[in-house]
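Engineer: prediction below, plus the sequence it came from.
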Amino acid sequence: MKVTPVYGKPALLLEGKERYTVIADLHVGIEREWMRKISRRILERMKGDITEILKERECENLIILGDLKHTVEGVTREDERVIRSFLEDLSSISNVLIVKGNHDGGIEEISPEGIEIKDARGFRIEKAALLHGHASPNEDVLSSEIILTAHIHPVISFRERSGLRI
């Protein structure tokens, strides 16, 4: 199992028997709170970036490691409209799997058919475990060689001498 950061993008490539693009913490809907007038452009750019990664890396599988939506409790009408459309577009070019995050209450009700939703405690693909990070992982996840998690929202970054940001 090989884990590779996607340079310049907030994504990982997970390679084993199959290839997966791993993304997390999209918080679809937060842009409404930030900038109502340009929220559609932000979402379209996000979708474009994800599509570009999938196509450039010839990746048929997309894993969203939780917090696809921003509202914590329940689902708004806007969430349903925007997220359903977002997932329909992404599922037309890849197999989409969502690991539930703490913001994803009700995600099952608004996800189009064919979207696989995993429990927040995580799951494994070969030697790698994937979970959002807000819930206690299950035993299978804890015994994994590689553990990929999201949720932490780092606020500090470091720049190496080469200019690479960590």
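Structural biologist: Yep, that arrived.

Engineer: next structured bit after the worst-scoring helix or strand of the chain on mean pLDDT?
Structural biologist: Least confident helix or strand of the chain, by mean pLDDT, DSSP states H and E, is helix 30-34 with a mean of 60. Per DSSP states H and E, the first helix or strand lying C-terminal to helix 30-34 is helix 39-56.

Engineer: how far is that next one from where the chain is centred?
Structural biologist: Helix 39-56 has its C-alpha centroid displaced from the chain centroid by 12 Å (Cα atoms, centre = their mean, to the nearest Å).

Engineer: the following helix or strand past it pairs with which strands, parallel or anti?
Structural biologist: Using DSSP H and E, the helix or strand that follows helix 39-56 towards the C-terminus is strand 61-64. Using DSSP bridges, strand 61-64 pairs in its sheet with strand 19-23 (parallel), strand 95-99 (parallel).

Engineer: what sits against the residue most central in space within the chain?
Structural biologist: What sits nearest the mean C-alpha location of the chain, by Cα atoms, centre = their mean, is I64, with 2.4 Å. I64 makes contact with I23, A24, L26, V96, L97, I98, V99, according to Cβ atoms under 8 Å, 6 or more residues apart in numbering. Quick note: C-beta positions are derived from backbone N, CA and C, even for glycine.

Engineer: many thanks, have a good one.
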